[in-house]
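Q: give the three-dimensional model of this entry:
(one chain, ligands or ions: 1)
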Amino acid sequence: MIFLDLARILSGVVVLLVSVSYARTGSLTWGCESRWLYPGYVMFRLFSGPRVFTDDELAFYDGRNGSRIFLALNGTVYDVSARPEMYGPGSTYSMLAARDATRAFVNGCMRDDAQLTYDLRGLDQTKAEEAIRKWKEFFDSKPRYWVVGRVEHDPAKLDSDIPPFCDQPTYF
Ligand code: HEM
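A: Below you'll find the predicted structure:
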């Protein structure tokens with residue numbers, strides 16, 4: 001019985017703290033930003049940990065059928081499930097999910113399937129490195145996203161033709 005009372009008091013305190021925080025800061029957590037506030041991150045840290053994906057394995061994580069949403073940038077795989085409205089099926093940037101589309105991150109040609117690749121051949125190397133650095137900084141800096149591993153690409157795919165040049169970005 002005492003445990004029930006304690007549980008009631010505790011949940012009352014939590015509800016009060018969350019409500020006051022929301023009223024005063026617009027955030028449920030007093031503005032505190034941490035990956036540990038995301039259940040997906042807690043599950044990842046406790047039960048799975050970083051892994052190595054193939055491109056085919058990565059293709060599963062597009063948010064369909066309740067899957068998590070992953071994207072890769074220059075081989076690093078991020079969990080971006082926190083923003084299904086940005087990366088989930090039918091969303092603005094869904095084409096970046098479930099694959100390593102680093103080339104499109106660099107040139108912005110996101111509506112052209114041939115550009116949705118990790119193949120950076122033919123791009124200005126300095127510009128590509130700079131864009132990749134910026135996007136990496138972006139994803140690393142957001143507590144709502146985290147690294148879940150890396151994708152190992154099939155080197156044979158880079159024996160094919162260089163993707164066509166694209167200087168007409170089509171963002172969405
Ligand atoms: C190389 C070109 C671009 C790339 C690779 C790109 C990619 C992205 C990505 C990945 C996001 C999601 C960010 C997140 O996870 O919070 C985003 C958000 C957004 N982008 Fe772009 N984008 C590009 C250019 C543009 C341009 C030119 C515009 C404006 C016309 C634009 C407008 C937006 C807006 C409004 C958001 C939503 C921001 C938010 O609500 O947090 N993007 N972009």
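Q: can you get me the start-to-end distance on stretch 98-116?
A: 11 Å (CA to CA, to the nearest Å).
Q: repeat for stretch 23-37
A: Taking CA to CA, stretch 23-37 runs 19 Å from one end to the other.
Q: so does that stretch get close to the ligand?
A: No. Residues of stretch 23-37 contacting the ligand under CB under 6 Å from any ligand atom: none, with a closest distance of 13.8 Å. C-betas here are computed from N, CA, C, even on glycine.
Q: hmm, who's touching that stretch?
A: By CB atoms under 8 Å, 6 or more residues apart in numbering, the list of residues contacting stretch 23-37 from outside reads 17-18, 21-22, 41-42, 143-144, 146.
Q: go again with 6 Å.
A: 18, 21-22, 41, 143, 146 (CB atoms under 6 Å, 6 or more residues apart in numbering).
Q: ok, and for it, which residues are buried?
A: For stretch 23-37, a neighbour-count test (16 or more other CB atoms under 10 Å) marks residue 35 as buried.
Q: now do that stretch: distance to the chain's middle.
A: 20 Å (CA atoms, centre = their mean, to the nearest Å).
Q: can you list the low-confidence ranges for the chain?
A: Within the chain, the segments meeting pLDDT under 70 span 1, 171-172.
Q: mind giving me the domain ranges of it?
A: According to automatic domain parsing, the chain comprises the domains 1-32, 33-159.
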